[in-house]
Each structure stands twice: as C-alpha cells, then as structure tokens.
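S.K.: Predicted structure and sequence below. I'll ask about it afterward.
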Amino acid sequence: MLLGGTVAGRCSGPEEWEQLLIRSRFRAVTAPFSMYTPETEISAYCAACDRHEVVIAEVGVWRNLFDPDPAAAAEALAYAKGQLALADRLGIACCVNIAGTSGTAGWDAADPSNFTDETYERIVRSVREILDDVAPQRAFYCLEPMPWMIPDSPEVYLQLIRDIDRPQFAAHMDFVNMINCPRRYLAPEKFIGECFGDLAPMIKSTHIKDSRMHPTRLTAQLEECSPGEGSLDFGRILRILDQRLPADAPVLLEHMTTFEEYRKAYEYLAGIAGKNGISI
C-alpha cells in the first residue's frame, strides 16, 4: 500500500507545499487543488508529486448534492461534475464525495430522510447523471461511506454499485465511518475484513483512522480519532489491507489539522507496518 494523507501546514503555493510533502514522507496525497485552481499551479503540484514519486489519490468534492436550497444543490452538482472531469484529465483514479442529505442540520448531517427509498433512488439518479454527463475514461466517481448516510455497510455499497450500473462508479473505503454501532466496534477486524473482502476489487482509495467508544456510559458513544488513540489493532488491520489491496493502493490519513499531527500518525502506522513486514 501507499500510505499518506493530506499535506497540512502553512504554505503559500506549490513550492512551499513541496517542502512539506518531502518532510511528510507520504507516498499518496489528496489533491491540493480544485477545478478553480489556476492551471499553472495545478501543473506545479503535479510536477512536485512526480519528482518525489507520490501518487495523487483523490480529488474531493465534499458538497451536498441534495441541499434543500435548489441553487446550492445545482452548484454542488456542477462542482461534482467539474471535479470528476479534472480527475479524469489528470489521471487521478478517485473523485470522492458523500451521497448528500436533504436535511437542514448541515451538508453531511444525520437526518431521517437519509435512509428513505426516495433518497436511495435519488442517489442512483445523481451518480448516473454525473457519470453520463462527464463520461470519464480514467477516473472513477466514488461515495465515501458515512455512519448515518448511504452507503453505511459493504452490503449496501455493493447493492448501490449494482443499481447505479456504471463502469466508472467504484468504491471509496472508510471502514471507521461504518463502525457505527457497538457490534461492529467490539469485533472490528471481522467487520473490516468483510468490508475489504466484498469491495476490495472496486476500491480506489482508503481512509485510515482509529475508533473509540466510552463503554461505561449506558448509551453508546463512538468517535473517530487518530491512529494509536483508540482501540483498533493496526497490526491486524494493516495485514488485512496488505493482503486484500494491490501494492500501489493509496491509504490516507485524514481529519487532522496540523503537520505534526499527521506526522505522528504516519510514524505510528509506519512503525507497526515495519514490525509486521508490510511495505508502505
């Protein structure tokens, strides 16, 4: 696998970003640009990655296609199409978003409507429209699993792939997002094995992080955290990824805010990988 993440830290452009990239030791990164970035800057970021043999693994969308505001929803849809076109032009395999919600609590919030049959059909239609309009040849449009949004299990993801029925729709893996109940939390390696067992051939990018629960409270409370700050056995997890994914599969740390936080998490996982003879 190619372990990496988002290059965090203060920088004013591609040159300073490249210096942070070198220090990070990442082998895969999220795209530090979007469809709105000037072409000269995009080229500079790509050249920096080429110089250091780093893969740009993901182009993010992170917009709510089902926003209750029609204008915001239309803007999000156009952005998703533009980001997928950008990924395809640059040969970046994964363009990733969440499915979307019609709730009003936030762009990625839990809402009763997230699991209705109507929303499921809306997801199918929206992904088909994006793929049919852009017609990508090299990039894949993917949906990140969420704890309270479809897809929330490998079975649901497989059904979604069948129902969307487009060759350029593939899987994005975030197994911690799907560890959304005590049953999965208390037997995480079994569940993670099921995720990769069913979806591995279709996975274009994977997020990696830790999970913790407060077991002394009567109502379960689960939260993600940085690797090493929760309860997951990363020796076992990295072996699952190493066995199920291709050697060049990107595995990305996420949701940290500083360069030091990313570096600490990377070093933690790199140390476990080394002890288990796993190449990153």
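M.R.: That came in fine, so what should we check first? Not measured: the values here are computed from a predicted model.
S.K.: Please report how far Met173 lies from Val61.
M.R.: 17 Å (Cβ to Cβ, to the nearest Å). Yep, even glycine has a C-beta here, placed from its N, CA and C like the rest.
S.K.: wait, I meant Tyr262
M.R.: Note on Tyr262: its distance to Val61, by Cβ to Cβ, is 22 Å.
S.K.: Quick check: Tyr185 touching Pro215?
M.R.: No. With contact defined as Cβ atoms under 8 Å, Tyr185 does not count as touching Pro215 (9.3 Å).
S.K.: out of these two, which sits in the busier spot?
M.R.: Shown here are Tyr185 and Pro215; by other Cβ atoms under 10 Å, Tyr185 has more neighbours (20 against 11).
S.K.: Strands of the stretch 51-200 of the chain, start to end?
M.R.: 55-60, 94-97, 140-143, 169-174 (DSSP state E, counting those that start in this stretch).
S.K.: need those in CSV with mean neighbour count, can you?
M.R.: CSV is the format used below for the strands of the stretch 51-200 of the chain (neighbours: other Cβ atoms under 10 Å):
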stretch, mean neighbour count
strand 55-60, 22
strand 94-97, 27
strand 140-143, 26
strand 169-174, 24
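S.K.: Of all the ones you listed, which one is nearest Val29?
M.R.: Val29 lies closest to strand 55-60 among those, at 6.0 Å (Cβ to Cβ).
S.K.: What strands line up against the closest one, and which way round?
M.R.: Under the criterion DSSP bridges, strand 55-60 sits next to strand 28-30 (parallel), strand 94-97 (parallel) in its sheet.
S.K.: hang on, the earlier thing: with mean pLDDT and distance to Asp111 as new columns, can the strands of the stretch 51-200 of the chain be given to me in JSON lines?
M.R.: Formatted as JSON lines, the strands of the stretch 51-200 of the chain follow (pLDDT from 0 to 100; distance: least, Cβ to Cβ, whole Å):
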{"stretch": "strand 55-60", "mean pLDDT": "98", "distance to Asp111": "22"}
{"stretch": "strand 94-97", "mean pLDDT": "98", "distance to Asp111": "17"}
{"stretch": "strand 140-143", "mean pLDDT": "98", "distance to Asp111": "16"}
{"stretch": "strand 169-174", "mean pLDDT": "98", "distance to Asp111": "19"}
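S.K.: Dump these into JSON lines; add distance to Leu21 as well.
M.R.: Shown next, in JSON lines, are the strands of the stretch 51-200 of the chain (distance: least, Cβ to Cβ, whole Å):
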{"stretch": "strand 55-60", "distance to Leu21": "11"}
{"stretch": "strand 94-97", "distance to Leu21": "19"}
{"stretch": "strand 140-143", "distance to Leu21": "24"}
{"stretch": "strand 169-174", "distance to Leu21": "22"}
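S.K.: Adding distance to Thr6, write the strands paired with strand 55-60 out as JSON lines.
M.R.: Shown next, in JSON lines, are the strands paired with strand 55-60 (distance: least, Cβ to Cβ, whole Å):
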{"stretch": "strand 28-30", "distance to Thr6": "5"}
{"stretch": "strand 94-97", "distance to Thr6": "13"}
